[in-house]
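Colleague: no sequence on hand, only this structure:
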């Protein structure tokens with residue numbers, strides 16, 4: 001089996017080191033054939049840096065690295081000067097952004113034995129490009145990777161001023177590019193976020209954003225066809241470990257790691273996650289644990305945003321990131337925690353979690369945050385609740401529910417009241433759905449849930465401003481149990497017991513609960 005290039009961002013290393021490479025050069029051919037200035041936004045660990053490295057080797061004329069690939073005999077191989085700036089590797093946290101950029105520009109200049117004498121970063125960039133064009137009498141290729149990292153890294157409340165300063169520095173840095181049309185053969189820029197053109201790229205009005213372009217929707221990430229074609233040996237190995245049929249393994253891989261879409265149609269795998277699962281022969285959360293920003297979870301808690309499935313949003317809002325007025329849905333979409341599910345009407349989309357890995361991890365992190373508990377609280381609690389339902393141990397069940405609210409500061413309840421109860425209960429029952437058949441719904445100030453085990457069905461109604469008696473009464477009057485009566489256990493027959501459960505909250509704890517078995 002060829003080795004899996006997990007975390008390897010060098011095209012040269014992959015092609016010379018017996019690593020598996022999924023041929024994306026058909027779309028790269030379409031891209032470079034178009035010429036111009038391009039921008040691509042994708043979540044972290046999705047293959048952006050490998051794409052940049054591939055473009056670099058292509059424009060350096062290293063044809064031997066492309067042997068056997070689509071593009072090998074499709075272009076006239078020329079050698080260009082390539083300026084490659086990777087902000088993920090720049091030392092901006094220690095030096096400050098301006099000095100870090102100068103350091104990277106000086107390094108690029110030294111590769112071509114060029115001396116930079118200008119003072120500002122914008123003038124140095126212009127100087128480097130013009131001198132390269134003059135020295136080799138050929139246009140230059142400019143590749144910039146992770147352009148937004150010096151901004152994203154400082155989006156926390158205490159460092160937002162640095163993010164704003166770095167945004168302004170970036171705007172100045174990119175300003176001369178508009179005057180370098182004659183010098184540039186190709187310009188490609190990648191990042192996670194799509195800041196509004198006004199904030200950073202006001203001078204680059206001809207920047208072609210291909211982030212939501214059908215023609216390049218699979219430029220990075222793996223399609224279902226690519227997975228099944230190129231990873232067959234690893235898939236068989238995974239099937240053997242879990243004693244599954246191949247189709248079952250593929251279904252599990254799809255559920256865990258597929259689902260990303262920037263068109264609402266073609267679904268993609270996160271390369272880092274699916275390769276990690278295949279390499280380790282284990283279904284687990286890989287991508288989420290490698291860098292979820294704390295500012296994002298805090299933003300969601302502050303905005304009371306927790307029910308992310310079935311969100312409706314227009315494309316314009318999704319496409320513009322403003323650090324002074326961050327919209328949770330926009331941030332979640334651009335960073336990969338939400339994806340396009342379907343187009344409801346022109347440029348209006350339904351969004352949701354892309355897959356199990358992201359949903360499970362996000363619910364876990366949000367529940368820890370909402371309940372003011374440390375990492376490691378939510379999932380064990382969900383399993384305890386599941387076990388209590390299975391055992392029909394109601395006393396233990398409501399001790400566990402009570403523990404959800406123990407560490408939440410009282411002033412938060414005073415400020416948010418009913419909505420905070422709703423958020424915590426909703427997140428708990430959604431997370432429970434990974435371990436047991438659980439459905440939860442909210443509407444007009446109420447929350448209800450249905451939990452199924454092998455032997456029973458539990459219909460729950462939660463009340464914040466009301467009594468447990470009110471909750472039971474509502475379950476009966478609204479007929480919530482009616483659709484489950486066909487599964488109900490009858491005398492001397494197989495079936496499930498149905499329980500109606502009314503729960504009333506008061507002052508950070510359960511005031512009372514009532515349980516009735518449906519006759």
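Modeller: Everything's here; your move. Computed from a predicted model, the values in this text were never measured in an experiment. Numbering: from 1, shown residues only.
Colleague: tell me which element the most centrally placed residue in the chain is part of?
Modeller: Geometric centre of the chain, nearest residue: residue 336, 2.1 Å, by Cα atoms, centre = their mean. For residue 336, there is no enclosing helix or strand under DSSP states H and E.
Colleague: and if you look at the one 4 residues further on?
Modeller: In this assignment (DSSP H and E), residue 340 forms part of strand 339-345.
Colleague: which neighbours in the sheet does that strand have, and how are they oriented?
Modeller: Pairing partners of strand 339-345, with direction, according to DSSP bridges: strand 348-352 (antiparallel).
Colleague: report the distance from the partner strand to the chain centre.
Modeller: Distance, stretch centre to chain centre, for strand 348-352: 15 Å (Cα atoms, centre = their mean, to the nearest Å).
Colleague: what is the host helix or strand of residue 143 packed up against?
Modeller: Using DSSP H and E, residue 143 maps to strand 140-145. Applying 3 or more Cβ pairs under 8 Å, 6 or more residues apart in numbering; DSSP states H and E, we find strand 140-145 packed against helix 48-59, strand 81-86, helix 121-136, strand 184-191. Every C-beta, even on glycine, is put in place using the N, C-alpha and C of the backbone.
Colleague: quick one: name whatever helix or strand follows that strand.
Modeller: Helices and strands here follow DSSP H and E; after strand 140-145, the next one along the chain is helix 149-152.
Colleague: residues in contact with that following helix?
Modeller: 87-88, 90, 92, 97, 100, 163, 166-167, 169-170, 191-193, 195, 293, 323 (Cβ atoms under 8 Å, 6 or more residues apart in numbering).
Colleague: now do 6 Å
Modeller: Contacts with helix 149-152, where a contact means Cβ atoms under 6 Å, 6 or more residues apart in numbering, come from 87, 88, 92, 97, 163, 166, 167.
Colleague: same check on stretch 506-515?
Modeller: Residues outside stretch 506-515 that contact it (Cβ under 6 Å, 6+ apart) are 394, 398, 402, 405, 413, 468, 472, 499, 501, 502, 503, 504.
Colleague: let's go with 7 Å and repeat that
Modeller: 394, 398, 401-402, 405, 408, 410, 413, 467-469, 472, 499, 501-505 (Cβ atoms under 7 Å, 6 or more residues apart in numbering).
Colleague: stretch 167-179 now?
Modeller: Against stretch 167-179 from outside (Cβ under 7 Å, 6+ apart): 97-98, 101, 121-122, 125-126, 151, 187, 199-201, 203-204, 323.
Colleague: hmm, try it at 8 Å
Modeller: Under Cβ under 8 Å, 6+ apart, the answer for stretch 167-179 is 37, 97-98, 101, 120-123, 125-126, 142, 147, 150-151, 184, 187, 195, 199-206, 323.
Colleague: ChimeraX command to pick out the buried ones of those?
Modeller: Under the burial definition 16 or more other Cβ atoms under 10 Å, those of the contacts of stretch 167-179 that qualify are selected in ChimeraX by:
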select :37,97,98,101,121,122,125,126,142,147,150,151,184,187,195,199,200,201,203,204,323
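Colleague: run through the protein and note the low-pLDDT ranges.
Modeller: By pLDDT under 70, the weakly predicted segments of the chain are 196-199, 290-293, 416-417, 442-447, 491-493.
Colleague: show me how it divides into domains.
Modeller: Domain assignment of the chain by automatic domain parsing yields the ranges 11-216, 224-284, 289-356, 371-517.
Colleague: what sits against residue 469?
Modeller: Per Cβ under 8 Å, 6+ apart, neighbours of residue 469: 502, 514.
Colleague: quick one: what helix or strand has it in it?
Modeller: Residue-wise, residue 469 maps onto helix 468-477 under DSSP H and E.
Colleague: can you identify the element that follows that helix toward the C-terminus?
Modeller: Next along the chain after helix 468-477, taking DSSP H and E as the criterion, comes strand 497-506.
Colleague: list the buried residues of the helix or strand following that next one.
Modeller: Using DSSP H and E, the next helix or strand after strand 497-506 towards the C-terminus is strand 509-517. Buried residues in strand 509-517, defined by neighbour count with 16+ other Cβ under 10 Å: 510, 513, 514, 515.
Colleague: same check, this time on stretch 216-225
Modeller: Within stretch 216-225, the residues scored as buried using 16+ other Cβ under 10 Å are 216, 217, 218, 219, 220, 221, 222, 223.
Colleague: before we move on, what about stretch 330-339?
Modeller: Buried residues in stretch 330-339 (16+ other Cβ under 10 Å): 330, 331, 332, 333, 334, 335, 336, 337, 338, 339.
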